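In: Have a look at this prediction, sequence included:
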Amino acid sequence: MTNSLETFTSRFADPQQLVPELGDVSTALFKIIGNGAVPRSTVTLVHLRAGQLAESTYLTVMHTGNARRAGVAEEKIAAVASWKDAPYFTPAERVALELVEAVIRPGGHGERVSDELYARAAEYYDDKALATLAMAIGQVSFFIPLALIGKPVPGVSMAEQWRTSTTD
């Protein structure tokens, strides 16, 4: 059975309308990750991988589009889920993807971000870039609960993603 996007609805209305303070937080987070310390293409790959790890179609579709708009090659976008054996990623992108996995995936015992992983990341990113990368992971993590609980409609305009009925 297939569903058309017209029949999909979100679980609640636009959270920014329900909790207006969300706009201030969202603006601040976008400003932080847009400081130029980490390439926008890398941020979009990190966000895309986080959406995949969260198993959120909404986030995966949204961040796929963001990656395209950031000029990320289609091969990279298609291979984000299997980045470890894909030939398309730079060493800096690989360590960024490894960091987001270490933070987002449930860990076993011990440090999730080991000193060794941090040292490899520091080879490609200075202190400001590492802090920015951490905030990029934090930004997408901040929105994961809204995506999973609120279940916005994937693949539609921002104005349509929080529709609670098909007549909105």
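Out: Alright, I've got the coordinates. Numbering: from 1, shown residues only.

In: The most centrally placed residue in the chain sits in which helix or strand?
Out: With distances taken as C-alpha atoms, centre = their mean, the residue of the chain nearest its centroid is residue 47 (2.1 Å). Using DSSP states H and E, residue 47 falls within helix 40-53.

In: What are the buried residues along that helix?
Out: 40-53 (16 or more other C-beta atoms under 10 Å). For the C-beta atoms, the positions are set from N, CA and C on the backbone; glycine is no exception.

In: Pull the residues that contact that helix.
Out: Around helix 40-53, the neighbours that count as contacts under C-beta atoms under 8 Å, 6 or more residues apart in numbering are 33-34, 58-60, 62-64, 66-67, 70-72, 76-77, 80-81, 83, 89, 92-93, 96-97, 99-101, 104-105, 133, 136-137, 139-141, 144, 147.

In: Buried members of the residues you listed into ChimeraX, please.
Out: Those of these that count as buried under 16+ other C-beta under 10 Å are selected in ChimeraX with:
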select :33,58,59,60,62,63,64,66,67,70,72,76,77,80,83,89,92,93,96,97,99,100,101,104,133,136,137,139,140,141,144,147
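
In: and the contacts of helix 40-53, which of them are in helices?
Out: 33, 58-60, 62-64, 66-67, 76-77, 92-93, 96-97, 99-101, 104, 133, 136-137, 139-141, 144 (DSSP state H).

In: Quick check: the gap between residue 100 and residue 17.
Out: 30 Å (C-beta to C-beta, to the nearest Å).

In: picking that back up, now the buried residues of helix 40-53 as TSV including distance to residue 23 and pLDDT?
Out: Compiled in TSV, the buried residues of helix 40-53 are given as follows (distance: C-beta to C-beta, whole Å; pLDDT from 0 to 100):
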residue	distance to residue 23	pLDDT
40	22	96
41	26	97
42	26	97
43	20	97
44	22	97
45	26	98
46	23	98
47	19	97
48	24	98
49	26	98
50	22	97
51	21	96
52	27	97
53	26	96
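
In: Quick check: of these, which lies closest to residue 125?
Out: Using C-beta to C-beta, residue 42 is the member of those that lies nearest residue 125, at 9.3 Å.

In: where does this protein dip in pLDDT?
Out: Low-confidence regions of the chain, defined here as pLDDT under 70, cover residues 1-5, 108, 166-168.

In: hmm, try it at 50
Out: 1 (pLDDT under 50).

In: Find the nearest non-adjacent residue to residue 61, please.
Out: Nearest-residue entry for residue 61: residue 154, 4.2 Å, with adjacent residues in sequence omitted and distances by C-beta to C-beta, 6 or more residues apart in numbering.
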